[in-house]
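*Asks:* Model the following, please.
(one chain, ligands or ions: 1)
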Amino acid sequence: MTIQWFPGHMAKARRQVTEKLKLIDIVYELVDARIPQSSRNPMIDEIISNKPRLVLLNKVDKADPRVTEQWLSYYREKGIRAIAIDAQAGKGMKQIVSASNELLKEKFDRMKAKGIVKPRAIRAMIVGIPNVGKSTLINRLASKKIAKTGDRPGITQAQQWIKVGKELELLDTPGILWPKFEDPIVGYKLATTGAIKDTIINLQDIAVYALRFLTEHYPEALKARYGLENIPEEIVDLFDAIGTKRGCLMPGGLIDYDKTAELILRELRTDKIGTFTFDFPQEFNEKVSE
Ligand SMILES: Nc1nc2c(ncn2[C@@H]2O[C@H](COP(=O)(O)OP(=O)(O)OP(=O)(O)O)[C@@H](O)[C@H]2O)c(=O)[nH]1
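*Replies:* Numbers count the residues shown, from 1 in each chain. Here you go, the predicted model:
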């Protein structure tokens, strides 16, 4: 698999995020709850350094609730604050504000001690890879009282802040960090969940990955969706079975594998087969830094 982001592009995105870090108190690292690890930018720890961080597992409605719980305890054990949210439906929004308050309590207590009587609102920025739900979350948080507080003095680049109640101000442009995947499996996970375009990786290859994954981890859901008594061992036989059931045929009755792959991925992405998580915390126990 040859996927290369332009190094210049990456460097620019990184620079923009680093610039904005100076303006904020806390980073909201938005990841996809279906692939909490694969949808992180691997350099994020280094980029945000010791800035307080809140991990937001978005699209939790599309993930396996059992594995989401495992991820939340995993973060807890690592001392990382994390919340599962559904930005589309607006679930978890209050928790974002309360967790931010808790995380910054010490800093604001120090400000109070220095004689700053009224601590200002917490300033936050959302950071995440494409398609993870950054705009949806901004709109959701801004929904009722959208108010722009204007530019702050001393900042070269004009920044707009969105007020979220009295306690929070959010930068109106999120930081985009690219996923990086030397590991082809990470690429397949990103493609399966729709984080990268289908044109980047061959559609049939993505569907093969997805079917193998479901066969291993969620066989009952796969059987139920496609009316299979058993899941064939050979992947081509599984394609044939699904293609036949769904009438994905070419003239002459041969299975149309492209059409079958497209159907499987469409149904998977729209949760027709079920709600799944593709990253398991056990796989990454050694790899995540604190
Ligand atoms: N089911 C579900 N869908 C969501 C959720 N949050 C966002 N989406 C959907 O995910 C898609 C991408 O959301 P965006 O908000 O555009 O993502 P983004 O990170 O701003 O994307 P870029 O502009 O590409 O960086 C949209 O179709 C949203 O409706 C969620 O919590 N649940």
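
*Asks:* what's in contact with the longest helix along the chain?
*Replies:* Ranked by residue count under DSSP state H, the longest helix found in the chain is helix 93-113. Helix 93-113 is contacted by residues 25-26, 28, 52, 54, 56, 81, 83, 85, 119, 122, 124, 140-141, 164-165, 167-168 when judged by C-beta atoms under 8 Å, 6 or more residues apart in numbering. For the C-beta atoms, the positions are set from N, CA and C on the backbone; glycine is no exception.

*Asks:* Filter those down to the buried ones.
*Replies:* 25-26, 28, 52, 54, 56, 81, 83, 85, 122, 124, 140-141, 164, 168 (16 or more other C-beta atoms under 10 Å).

*Asks:* wait, which of those is closest to the ligand?
*Replies:* Proximity of those to the ligand was ranked by C-beta to the nearest ligand atom; the top entry is I85 with 6.5 Å.

*Asks:* Number of residues surrounding the nearest residue to that closest one once chain neighbours are set aside?
*Replies:* Computed as C-beta to C-beta, 6 or more residues apart in numbering, the closest residue to I85 that is not its neighbour in sequence is G92, at 3.3 Å. G92: 19 surrounding residues under other C-beta atoms under 10 Å.

*Asks:* what about the strands in the stretch 151-290 of the chain?
*Replies:* Here the stretch 151-290 of the chain has its strands, by DSSP state E, counting those that start in this stretch, at 161-164, 168-171, 175-176.

*Asks:* Export these as TSV, with columns for distance to S135.
*Replies:* Formatted as TSV, the strands of the stretch 151-290 of the chain follow (distance: least, C-beta to C-beta, whole Å):
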stretch	distance to S135
strand 161-164	12
strand 168-171	12
strand 175-176	11
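
*Asks:* Just put those strands in TSV and tack on distance to the ligand and mean pLDDT.
*Replies:* Shown next, in TSV, are the strands of the stretch 151-290 of the chain (distance: least, C-beta to the nearest ligand atom, whole Å; pLDDT from 0 to 100):
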stretch	distance to the ligand	mean pLDDT
strand 161-164	14	90
strand 168-171	13	94
strand 175-176	5	87
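
*Asks:* helix, strand or coil for S38?
*Replies:* coil (DSSP: H, G, I helix; E, B strand; the rest coil).

*Asks:* G8: neighbour count?
*Replies:* Considering only other C-beta under 10 Å, G8 is surrounded by 8 other residues.

*Asks:* So it belongs to a helix, correct?
*Replies:* Yes. Counting by three-state DSSP, G8 falls inside a helix.

*Asks:* So it versus the ligand, what's the distance?
*Replies:* Here G8 is placed at a distance of 18 Å from the ligand (C-beta to the nearest ligand atom, to the nearest Å).
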